[in-house]
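K.L.:
here's a sequence, model it:
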Amino acid sequence: MARWLDDGEQQTWRAYLWSTQLLHEALDRQMQQESGIPQSYYVMLAMLSEAPGRSRTMTELARVTRGSPSKVSHAVRKLEESGWVRRHKHPDDARTTIATLTDEGYAVVVKAAPGHVEAVRENLFDLLTPEQTEQLGAICRAMLARLDPDGPSFR
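P.N.:
This is a model prediction of the structure:
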């Protein structure tokens, strides 16, 4: 038998859905306006910038960005065309492709990061008290414990 949401849960669920959707839209809009790239491309560049040697296998990049392999491959192809990423085969396994952030790509991340952080602050953290920020972190960690039991892929 279905366990329906009560009125309070329904209101909370919808508030969560709309607020997260609008937050993603605001961050994407800011990134497009200031850097000319989609938020999802910035996340890929950022995840590469944080990796040792600024490189990750395509499989790992898809995992840490929560993207499908085909979408990540398409995005990396676009980033490669811009000169921000280069792809090459793993030296020990020709079946594995590695994406590496170029110096030009790193410069894009460095230039875009301050605007991105400011947009996150304006649209999320500036709206919350320190206690609410801690509560939000606890809520997200509780959700991740269930939804990503192998550990957060964003680390």
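
K.L.:
just checking, His24 touches Pro38?
P.N.:
No - between His24 and Pro38 there is no contact under Cβ atoms under 8 Å: 10.8 Å. Heads up, the C-betas are built off the backbone N, CA and C, glycines and all.

K.L.:
which residues of this structure fall in helices?
P.N.:
7-35, 39-49, 58-65, 69-81, 103-123, 130-147 (DSSP state H).

K.L.:
touching the fifth one from outside, list them.
P.N.:
In other words, helix 103-123. The contact list for helix 103-123 (Cβ atoms under 8 Å, 6 or more residues apart in numbering) reads 23, 26-27, 30-31, 34-35, 37, 42, 45-46, 48-49, 54, 79, 82-85, 101.

K.L.:
list the buried residues for that helix?
P.N.:
Buried residues in helix 103-123, counted by 16 or more other Cβ atoms under 10 Å: Gly105, Val108, Val109, Ala112, Gly115, His116, Ala119, Asn123.

K.L.:
kindly report the same for the third one.
P.N.:
Neighbour-count burial for helix 58-65, counted by 16+ other Cβ under 10 Å, picks out Met58, Glu60, Leu61, Ala62, Arg63, Val64, Thr65.

K.L.:
show me what that helix is packed against.
P.N.:
With contacts defined as 3 or more Cβ pairs under 8 Å, 6 or more residues apart in numbering; DSSP states H and E, helix 58-65 has these neighbours: helix 39-49, helix 69-81, strand 93-101.

K.L.:
let me know the angle separating the shortest one from helix 58-65.
P.N.:
So that's strand 93-101. Using axes from the mean of the first three to the mean of the last three Cα atoms, to 10 degrees, the inter-axis angle of strand 93-101 relative to helix 58-65 is 50 degrees.

K.L.:
swap in the longest one?
P.N.:
With the same axes, to 10 degrees applied, the angle from helix 69-81 to helix 58-65 works out at 100 degrees.

K.L.:
and helix 69-81, what does it pack against?
P.N.:
Right, helix 69-81 is packed against helix 39-49, helix 58-65, strand 85-90 by 3+ Cβ pairs under 8 Å, 6+ apart.

K.L.:
that's all I had, so thanks and see you.
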